[in-house]
Structure formats: C-alpha cells, structure tokens
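Engineer: Give me a model of this one.
(one chain, ligands or ions: 2)
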Amino acid sequence: AEYLRLPHSLALIRLRNPPVNALSLAVVNGIREGLQKAMSDHTIKAIVVCGANDKFCAGADISSFSRSSPGISFGVVVDEIQRYEKPVVAAIRGVALGGGLELALGCHYRIAHAEARVGLPEVALGILPGARGTQLLPRLIGVPMSLDLITSGRPVGADEALKLGILDVVINSDPVEEAVKFSQEILDKPLEPRRLLNKSVPSLPNMDSIFSEAFAKVQKQYPGFLAPETSIQALQAAVNLPYKLGIKEEEKLALYLQKSGQARALQYVFFAESSVHKQSPPSVASWQTASPQPISSVGVLGLGTMGRGIAMCFAKAGIPVVAVESDPKQLEIAKKAVTSMLEREASKMQQSGRAWTKPTLTFSSSADMLCESGRFGQKTGKGWYQYDKPLGRVHRPDPWLSEFLSQYRETHHLESRSISQEEILERCLYSLINEGFRILGEGIAASPEQIDIIYLSGYGWPRYRGGPMFYAATVGLPVVLEKLQKYYTQNPDVPQLEPSDYLKKLAAHGNPPPKDWQSLAGPPGSKL
Ligand SMILES: CC(C)(COP(=O)(O)OP(=O)(O)OC[C@H]1O[C@@H](n2cnc3c(N)ncnc32)[C@H](O)[C@@H]1OP(=O)(O)O)[C@@H](O)C(=O)NCCC(=O)NCCSC(=O)C[C@@H](O)CCCCCCCCCCCCC(=O)O
Ligand SMILES: NC(=O)c1ccc[n+]([C@@H]2O[C@H](COP(=O)([O-])OP(=O)(O)OC[C@H]3O[C@@H](n4cnc5c(N)ncnc54)[C@H](O)[C@@H]3O)[C@@H](O)[C@H]2O)c1
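Structural biologist: Ligands and ions are numbered 1, 2, ... in the order given. Model (predicted):
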C-alpha cells in the first residue's frame with residue numbers, strides 16, 4: 001500500500017497489489033504503517049483509503065491461505081481503524097469483496113462508484129468473513145440481510161448496497177475525489193456513531209425463528225457445505241455476545257473452517273476454474289491429427305429414450321452392446337423397441353442389397369432372473385428383499401435370495417466373500433481416478449484441473465471435495481497407487497484397475513500437488 005499526503009490536511013492510503021489488490025502480508029503491513037503515519041502526524045485531519053487500478057480490494061490473497069490463518073490479525077487492523085480519532089473514509093471503485101469489504105466496514109464512511117460491487121463471498125471458498133465481517137455487518141444492516149449476504153456470498157451492486165445501508169454515498173464520478181471533498185465536510189462530526197463495534201445488533205422479536213429458518217434454508221440449499229451453517233453460528237454470536245466475545249467466536253469458527261478439508265478443496269476449485277478458462281487443448285492434441293480409436297464393446301446403462309437410441313447406434317455399427325435396465329417394464333418395452341428398430345434397419349438394408357450382420361446385444365441376467373421368478377421388487381412384495389406386503393416399504397433379508405445367489409455363484413464359479421464399504425469406494429473411485437491419470441498421460445485431458453472442473457460441473461461431484469484428481473492428491477498418490485496395485489492383483493481381469501504409467505511416474509515424486517503434475521510427469525504421449 002502507498003501513503004500520500006494530499007492538500008487540505010488529508011492523507012491517502014492506496015492499496016496496490018495487481019491485479020485485484022488482494023490483501024497479502026505486505027499490503028496489510030502497508031495499510032497499518034500508513035494509518036500509523038497519519039495518526040501520528042498532527043497536521044493530518046482525515047484519511048482516505050482506496051485501491052489502485054480501479055479496484056478497491058478483492059479480499060485476502062487466496063493463494064496465501066495454505067501458508068497462514070488469514071483474518072485473525074487483519075481483524076485487529078479493522079478494529080484499530082474504527083477506534084481512530086481521525087475520520088477514515090473508504091473510496092470504493094470496482095470491487096470491495098471479503099476482507100476488502102471488512103476493511104471498508106472498519107472505515108467510518110464508505111463512498112462508492114455506481115458500478116462498484118461489494119460483498120462477503122467467503123462461503124464460496126469454504127470459509128467465513130473472519131476479519132469482523134460476521135460481527136460488523138449485522139450491526140450495520142441487521143440480521144436478516146446479513147444472513148442472506150453472508151450465507152449466499154452474493155455480491156451486491158452499489159445501488160442495492162446504498163439502500164441496505166452498507167454504503168453512505170454512491171456517485172458516478174471518481175470516488176477518491178468525492179471522498180476527499182466529503183472528508184472535509186465531516187471533519188467536525190462526532191465519530192462515535194460511526195464506530196460499528198460499539199453499536200449493538202438491531203434486535204428483532206423473532207430472532208430465534210429467523211436463525212432456525214436460516215439453518216433449515218442453507219441445509220436445503222447447500223447440502224454438505226460447512227461454511228454457510230458455520231457463518232450462521234458466527235452471526236448468532238454477534239446477536240448473543242458482546243463485541244469482544246463475538247469476535248473471539250468468529251475467530252474460532254473461522255479457524256475451524258480454514259482447517260477443514262472443504263476450504264482447501266474450494267480454494268483449489270477457485271484457481272482451477274480460473275486456469276481452465278485460460279487453457280487451450282494440449283499442444284499435441286488437434287482435430288487435424290486425431291484418428292479414431294478402436295471400440296471393442298459398449299455398455300449402456302438405462303434403456304429409456306436415450307439408452308435405446310445409443311444401443312441402436314452401436315448395434316448398427318456392429319459393435320457388441322451390453323445394456324442394463326433396472327425397471328423390468330422398461331426392459332420389456334426396450335427389448336421390443338430395439339428388436340423392431342433393428343429389424344426395420346435390417347429389412348431396409350436387405351432391400352437396398354447391403355449385407356447385415358446381427359449384432360450382439362446382451363443384457364445383464366441377474367435382475368432378469370429375479371423378475372422371471374416373479375420378484376419385481378417392492379410392488380410385488382419380493383425382489384432382492386422380502387417386503388412386509390406388496391408395495392410395502394419394510395424390507396428384510398430373504399432366505400430365498402441366499403439360495404438363489406449360492407446357485408448363481410456355483411454356476412459362474414464365483415467365490416463368496418464380504419466386501420467392505422472401503423473397498424467399494426476405493427475400487428469405484430480409484431479406477432475412475434486411474435483413468436484420469438491415463439488420459440493426462442495420453443494428452444487427451446489438458447490438465448488435472450480440467451478433469452476436476454468437468455466432474456464438478458457435469459457429473460455432480462461435490463464442489464467441496466474438489467474433483468477426483470484433487471481427491472487423489474488429498475488421499476496421497478502413493479496410497480492410490482498401492483491400492484490400485486492391490487486390487488489389480490486380486491482382479492487381473494479388470495483392466496481399469498491396472499495403475500497407469502502416469503500415476504506411477506508422479507507417485508515416485510511422493511504426493512505432488514495437481515498444479516505440479518504436468519511439469520513432473522513430462523510431456524504427454526498423445527493418442528489424439
Ligand atoms: C475479484 C473478482 C471479482 C475479479 O473477477 P474478474 O473476472 O475481473 O477477474 P478474475 O476472476 O480472472 O481474477 C483476476 C486475477 O485475480 C486473481 N484473484 C482474484 N481474487 C483474488 C484473491 N482474493 N486472491 C488472490 N488472487 C485473486 C484471479 O485468480 C486471477 O488471477 P490470474 O493469475 O488467473 O489472472 C474475482 O476474481 C473474484 O471474485 N475473486 C474472489 C474474491 C473473493 O472470494 N474474496 C474473498 C477472499 S477471502 C477473504 O477475504 C477472507 C477475509 O474474510 C478474512 C481475511 C482478511 C485478510 C487477511 C490478510 C492476509 C494476510 C496474508 C498473510 C500471508 C502470509 C504469508 O504470505 O506468509
Ligand atoms: N431424452 C433426451 O433428450 C436427453 C438428452 C440429453 C441427455 N439426456 C440424459 O440422458 C439420460 C437418460 O435420459 P432418458 O431420456 O433416456 O431417460 P429415461 O427416463 O427415458 O430413461 C432412463 C432409464 O434408465 C433406467 N435406470 C435408472 N437407473 C438405472 C440403473 N441404476 N441401472 C439401470 N437402469 C437404470 C430407468 O429405469 C429408465 O428406463 C438422463 O440423464 C438425461 O438427462 C436425455
């Protein structure tokens with residue numbers, strides 16, 4: 001941050017940390033030193049705080065989170081500003097987000113450009129506004145709106161922020177020039193009413209129900225996410241405790257979130273999304289040089305509208321298809337539909353003189369066998385389980401099934417064994433992750449971040465778990481490799497379990513973070 005003396009006994013502190021003036025240690029120290037200079041200089045009557053490059057401040061430097069516990073010391077700075085005996089005015093252009101808004105809340109006045117945006121988006125990073133945000137905002141705008149803004153993380157435009165009372169003045173001109181003029185006008189005004197830390201949270205008769213509704217809302221809207229619920233607890237502390245105890249509670253809850261795996265995952269996702277937007281396909285990959293890969297067989301899950309069509313396409317191309325359908329009625333309809341479509345195609349081809357080879361279309365047999373024994377599940381009171389009655393919901397193990405399974409095992413020469421939850425999870429996830437490493441090695445995926453963002457955006461992978469490749473790094477690559485080796489030895493017929501060379505190369509370096517994988521593993525051997 002820079003310190004400048006301005007005419008009319010004013011000082012200017014300008015945050016400078018391109019591109020968004022994020023709060024690094026150097027910036028925070030710069031703010032602190034600037035304020036101390038201004039306070040100890042008796043010729044300075046007021047201070048304006050602004051940001052360089054048309055941005056106030058986008059909050060804490062997210063890339064520094066892994067190195068420290070942010071917020072704790074910055075909260076002290078926010079309190080110090082409020083207690084100063086000289087007016088401090090925030091001049092906001094661009095964004096004041098997270099710690100940037102907390103800094104502005106510490107200032108006695110806030111002036112912003114009409115196109116500025118302010119907000120506390122910390123929940124998106126798995127944390128909470130830990131530099132007094134959860135304690136100051138409700139004192140300024142009340143509990144209901146603070147709950148809305150902090151649990152959603154949504155930023156608001158200057159006009160809305162003015163209506164809510166977050167901003168004091170919104171202008172269409174330069175906020176620094178306006179703040180300079182404004183500072184001179186308020187020099188004689190008392191500062192005490194402007195110190196949020198000495199105010200109490202506006203009370204409401206139905207505070208308990210407001211909080212219980214807020215908990216219910218975030219549990220429904222953000223299932224599994226820790227930060228929104230924890231933020232509500234911090235807001236409860238603002239209501240129930242005096243400021244000096246409320247900030248302790250905020251610190252405790254902030255630390256809990258910062259140490260949670262969710263914060264690490266969501267902060268990884270922040271940078272992963274940003275890098276994916278900038279990436280182009282791997283240099284070796286190109287549609288011009290790509291050649292089709294051989295497909296020996298295809299599995300189709302579900303024989304509804306799409307599944308039938310997909311099964312048909314492959315069948316027509318002469319590629320063996322194995323299709324699985326869980327609903328016996330749908331299966332019957334699909335069998336008829338696919339058969340009649342294939343027959344129509346065959347007769348068309350025969351008429352046109354082209355030869356047609358009957359494709360192999362196999363269905364998984366175990367569900368069929370149950371249905372063929374009249375066991376249609378809940379609706380018939382019997383399926384994999386026995387139910388209390390047809391359409392009943394109370395199920396219990398059925399001795400018939402044990403007999404059925406033991407015959408099935410005998411026929412297929414299978415040995416029975418119990419399979420732990422851990423094995424199910426590991427075999428499913430690690431084979432998926434293994435494929436991720438394989439396509440990285442082949443240059444089909446441009447980066448681990450791309451695989452993760454695809455899984456978060458298109459496959460319902462929980463955002464707070466970062467994606468499959470990030471998950472591999474949290475488990476540890478040597479662990480993933482060792483488990484895959486173990487399962488592959490046990491199941492040599494499952495090629496997905498054979499550890500990929502790319503994973504082996506990386507695991508030889510220990511457990512490097514995803515951003516270092518490509519430089520460590522070397523250039524991909526493209527199959528495109
Ligand atoms: C700001 C945005 C709205 C801008 O969007 P836009 O689309 O214009 O641009 P990009 O998104 O592409 O961003 C450009 C560029 O900037 C990088 N970036 C953006 N924000 C940050 C950030 N906060 N930290 C670091 N880097 C950031 C982005 O990655 C791009 O970089 P690239 O290289 O790819 O060009 C939009 O970016 C946005 O919404 N950003 C996130 C805003 C946010 O979530 N803010 C909240 C942060 S959390 C927080 O503030 C916590 C506080 O409550 C409490 C902490 C207070 C301060 C603590 C002080 C810490 C002291 C540090 C100690 C360090 C110890 C040590 O060093 O040892
Ligand atoms: N229909 C479209 O135009 C279209 C377009 C693009 C994508 N999709 C997507 O494709 C998927 C299928 O769409 P659809 O229109 O064919 O749906 P659908 O409801 O017609 O068919 C889905 C079939 O899957 C079966 N099924 C469900 N769970 C199963 C399981 N565990 N094992 C085996 N079978 C199972 C269902 O019984 C049903 O027959 C959906 O995810 C859909 O969003 C559909």
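Engineer: Please make it C-alpha for all contacts and neighbour counts, starting now.
Structural biologist: OK.
Engineer: wait, Glu102 sits on Thr134?
Structural biologist: No. Using Cα atoms under 8 Å, Glu102 is not in contact with Thr134, being 9.2 Å away.
Engineer: Stretch 95-109: how far from the chain's middle?
Structural biologist: Taking the mean of its C-alpha atoms, stretch 95-109 sits 25 Å from the chain's own mean (Cα atoms, centre = their mean, to the nearest Å).
Engineer: ok, and what's touching that stretch?
Structural biologist: Applying Cα atoms under 8 Å, 6 or more residues apart in numbering, the set of residues contacting stretch 95-109 from outside is 22-23, 55-60, 71, 78-79, 81-82, 87-90, 110, 116-122, 129, 131-133, 136-137, 155, 167-168, 191, 194-196.
Engineer: Any of those buried? List them.
Structural biologist: 22-23, 55-60, 71, 78-79, 81-82, 87-90, 110, 116-122, 129, 131-133, 136-137, 155, 167, 191, 194-196 (16 or more other Cα atoms under 10 Å).
Engineer: Could I get the average pLDDT for the helix or strand where Cys313 lies?
Structural biologist: Per DSSP states H and E, Cys313 falls inside helix 305-316. The average pLDDT within helix 305-316 is 90.
Engineer: quick one: buried residues of that helix?
Structural biologist: Those would be Gly307, Arg308, Gly309, Ile310, Ala311, Met312, Phe314, Ala315, Lys316, for helix 305-316 by 16+ other Cα under 10 Å.
Engineer: For that helix, which helices and strands make contact with it?
Structural biologist: If you count contacts as 3 or more Cα pairs under 8 Å, 6 or more residues apart in numbering; DSSP states H and E, helix 305-316 packs onto strand 298-301, strand 321-324, helix 328-351.
Engineer: at 10 Å what do you get?
Structural biologist: Judged by 3 or more Cα pairs under 10 Å, 6 or more residues apart in numbering; DSSP states H and E, helix 305-316 is in contact with strand 298-301, strand 321-324, helix 328-351, strand 361-363.
Engineer: mind giving me the domain ranges of the protein?
Structural biologist: As given by automatic domain parsing, the domain ranges for the chain are 2-259, 303-348, 365-412, 421-521.
Engineer: Now the ones you listed in JSON lines, please, with extra columns for distance to ligand 2.
Structural biologist: Shown next, in JSON lines, are those (distance: least, Cα to the nearest ligand atom, whole Å):
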{"stretch": "domain 2-259", "distance to ligand 2": "21"}
{"stretch": "domain 303-348", "distance to ligand 2": "3"}
{"stretch": "domain 365-412", "distance to ligand 2": "10"}
{"stretch": "domain 421-521", "distance to ligand 2": "10"}
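Engineer: Tell me which of the ones you listed lies nearest to ligand 1.
Structural biologist: Nearest to ligand 1 among the domains of the chain is domain 2-259 (3.4 Å), distances taken as Cα to the nearest ligand atom.
Engineer: Quick one: residues in contact with stretch 33-47.
Structural biologist: 1-14, 27-32, 49, 77, 80-81, 84-90, 107, 179-180, 183-184, 186-187 (Cα atoms under 10 Å, 6 or more residues apart in numbering).
Engineer: rerun that using 8 Å as the cut-off
Structural biologist: Residues contacting stretch 33-47 (Cα under 8 Å, 6+ apart): 1-3, 9-13, 81, 84, 86-89, 183-184, 187.
Engineer: out of everything not next to it in sequence, what's closest to the residue nearest to the spatial centre of the chain?
Structural biologist: Closest residue to the average C-alpha location of the chain: Arg463 at 3.1 Å, with Cα atoms, centre = their mean. Nearest non-adjacent residue to Arg463, counting by Cα to Cα, 6 or more residues apart in numbering: Leu456, 5.8 Å away.
Engineer: hang on, that neighbour is in a strand, isn't it?
Structural biologist: No. Assessed with DSSP: H, G, I helix; E, B strand; the rest coil, Leu456 is helix; it does not lie in a strand.
Engineer: need the contact list for it.
Structural biologist: Contacts of Leu456 by Cα under 8 Å, 6+ apart are Pro462, Arg463, Gly466, Gly467.
Engineer: Go again with 7 Å.
Structural biologist: For Leu456, the contact set (Cα atoms under 7 Å, 6 or more residues apart in numbering) comprises Pro462, Arg463, Gly467.
Engineer: With Gly119 instead?
Structural biologist: Here Gly119 is in contact with Ala96, Leu97, Gly98, Leu101, Gly153, Arg154, Pro155, Val156 (criterion: Cα under 7 Å, 6+ apart).
Engineer: give me that answer again for 6 Å
Structural biologist: Residues in contact with Gly119 (Cα atoms under 6 Å, 6 or more residues apart in numbering) are Leu97, Pro155.
Engineer: and what of Pro478?
Structural biologist: By Cα under 6 Å, 6+ apart, Pro478 lies in contact with Ala507.
Engineer: still on that earlier bit, list buried members of the contacts of stretch 33-47 by neighbour count.
Structural biologist: The neighbour-count test (16+ other Cα under 10 Å) marks 1-3, 10-13, 81, 84, 86-89, 183 as buried among those.
Engineer: Can you name the element that comes right after the lowest-mean-pLDDT helix or strand in the chain?
Structural biologist: Within the chain, confidence by mean pLDDT, DSSP states H and E is lowest for strand 361-363 among all helices and strands, at a mean of 42. Downstream of strand 361-363, the first helix or strand assigned by DSSP H and E is helix 365-372.
Engineer: For Tyr387, which residues count as its bridge partners?
Structural biologist: On the basis of DSSP bridges, Tyr387 is bridged to His395.
Engineer: Assess the claim that it and His395 are in contact.
Structural biologist: Yes. Applying Cα atoms under 6 Å as the test, Tyr387 and His395 come out as touching, 4.4 Å apart.
Engineer: Looking at those two, which one has more neighbours?
Structural biologist: Tyr387 (21 against 16; other Cα atoms under 10 Å).
Engineer: Quick one: residues contacting that one.
Structural biologist: Neighbouring residues of Tyr387 by Cα under 6 Å, 6+ apart: Gly381, Val394, His395.
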